[in-house]
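Colleague: structure, please.
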Amino acid sequence: METKKDFTKINELRVGSRGINVKIRVLELFDPRDVLSRHTGERHTVREALVGDETGVILLTLWNENCEKVEIGKTYDLLNANTTVFRNSLRLGIGRKGKIVESSEEIPEDIVNTENNISEKIVKAPRKRWY
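Modeller: I've put the predicted structure just below:
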């Protein structure tokens with residue numbers, strides 16, 4: 001028996017949100033690019049997508065195999081997602097434990113609030129603690 005998941009709306013996302021579920025519609029996909037890990041030297045593919053719901057839009061950062069899991073115009077459930085700050089911009093992401101699942105409920109394109117772009121608001125990254 002599957003339990004109903006609670007979904008966070010885009011306008012409710014905050015710096016440091018973790019383990020959240022978000023239902024999104026993909027509005028735009030940007031070209032993938034290769035990056036080199038500073039820690040391991042490994043190459044990774046990263047791609048951004050503009051995604052939204054009726055409360056706003058945000059940039060979704062996709063890594064490696066997740067880059068090809070989404071299509072423009074489709075609705076997805078992001079499970080166990082998180083937010084990050086990159087260049088003073090709030091981003092939505094899927095960590096190692098997160099999942100992207102095609103949603104059984106569609107978000108119609110005409111109700112997506114593109115006027116409220118959460119990623120355009122300047123935010124400060126949380127300070128990392130060094131113990």
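Colleague: which secondary structure elements does the longest strand seen in the chain sit against?
Modeller: Identified as the longest strand of the chain according to DSSP state E is strand 89-102. Packing contacts for strand 89-102, counted by 3 or more CB pairs under 8 Å, 6 or more residues apart in numbering; DSSP states H and E, involve strand 56-63, strand 75-86. (Each C-beta comes from the backbone N, C-alpha and C, glycine too.)
Colleague: average pLDDT for the host helix or strand of Thr45?
Modeller: In this assignment (DSSP states H and E), Thr45 forms part of strand 43-53. Model confidence over strand 43-53, given as mean pLDDT, is 96.
Colleague: before we move on, what about stretch 104-115?
Modeller: Here the average pLDDT along stretch 104-115 is 96.
Colleague: ok, the closest residue to Asp31 other than its chain neighbours - contacts?
Modeller: Leaving aside its chain neighbours, Asp31 sits nearest to Arg47 (7.3 Å; criterion: CB to CB, 6 or more residues apart in numbering). Arg47 sits next to 29-33, 61-62, 67 when contact means CB atoms under 8 Å, 6 or more residues apart in numbering.
Colleague: one more pass at 10 Å, please.
Modeller: When contacts are counted by CB atoms under 10 Å, 6 or more residues apart in numbering, Arg47 touches 29-33, 60-64, 66-68, 70.
Colleague: ok, Leu27 next?
Modeller: By CB under 10 Å, 6+ apart, the neighbours of Leu27 are 49-52, 57, 72-73, 109, 112, 114.
Colleague: got the residues you listed as TSV, with neighbour count columns?
Modeller: Below are the contacts of Leu27 laid out as TSV (neighbours: other CB atoms under 10 Å):
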residue	neighbour count
Ala49	22
Leu50	20
Val51	27
Gly52	24
Val57	24
Ile72	12
Gly73	10
Glu109	13
Val112	21
Thr114	11
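Colleague: which one of those residues sits closest to Arg96?
Modeller: Ala49 (18.9 Å; CB to CB).
Colleague: correct me if wrong: that closest one contacts Glu68.
Modeller: No: the criterion here is CB atoms under 10 Å, and Ala49 misses it with Glu68 at 11.4 Å.
Colleague: between the two, what contacts are shared?
Modeller: With CB under 10 Å, 6+ apart as the test, Ala49 and Glu68 both reach Leu62.
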